[in-house]
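# Can you look at this prediction? I've put the sequence above it.
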Amino acid sequence: MSERSPEPAAFECRPACGACCVAPSIAPTFPALPEGKPPGVPCPHLTRDFRCTLWGRPERPSFCGSLKPDPEMCGDSREYALSWLSDLEEKTRP
Ligand code: SF4
Ligand code: SF4
């Protein structure tokens, strides 16, 4: 009988980070972001304590749902994540 190794725990979003609501650009999305969001600018739906006011609502851009917490992206600090996401933004700019 073989033993299965336990599934690795899912990586969770860090409280009070919000880096992925600041660093990336977001294409125009109606009705939430009709003009899109430039890189490096906090999303207008991000609260001062880094929560999303559209969380769980259909207006939340699909981009946001597609960005999953990941150790490589999130690292161990907000500063790391901002830097990593800014680098990605730079590399993927059209
Ligand atoms: S960068 Fe990662 S830890 Fe920070 S808000 Fe986004 S998903 Fe959460
Ligand atoms: S809509 Fe919410 S999840 Fe998406 S960037 Fe804005 S604050 Fe972040």
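Ah, there it is. Numbers count the residues shown, from 1 in each chain. Ligands and ions are numbered 1, 2, ... in the order given.
# my read: Thr29 touches Phe63, true?
Yes - in this structure Thr29 lies within contact range of Phe63 using CB atoms under 8 Å: 7.0 Å. For the C-beta atoms, the positions are set from N, CA and C on the backbone; glycine is no exception.
# I'd like to know the predicted local confidence at Ser5, please.
According to the prediction, Ser5 has pLDDT 62.
# Can you pull the phi/psi pair for Ser62?
Backbone geometry at Ser62, expressed as degrees, to the nearest 10, gives phi -60, psi -30.
# Quick check: the residue lying closest to it once chain neighbours are set aside vs Cys20, distance?
Leaving out its chain neighbours, the residue that sits closest to Ser62 by CB to CB, 6 or more residues apart in numbering is Thr29, at 7.4 Å. Using CB to CB, to the nearest Å, Thr29 is found at 15 Å from Cys20.
# Out of these two, name the residue with the larger neighbour count.
More crowded of Thr29 and Cys20, by other CB atoms under 10 Å: Cys20, with 21 against 17.
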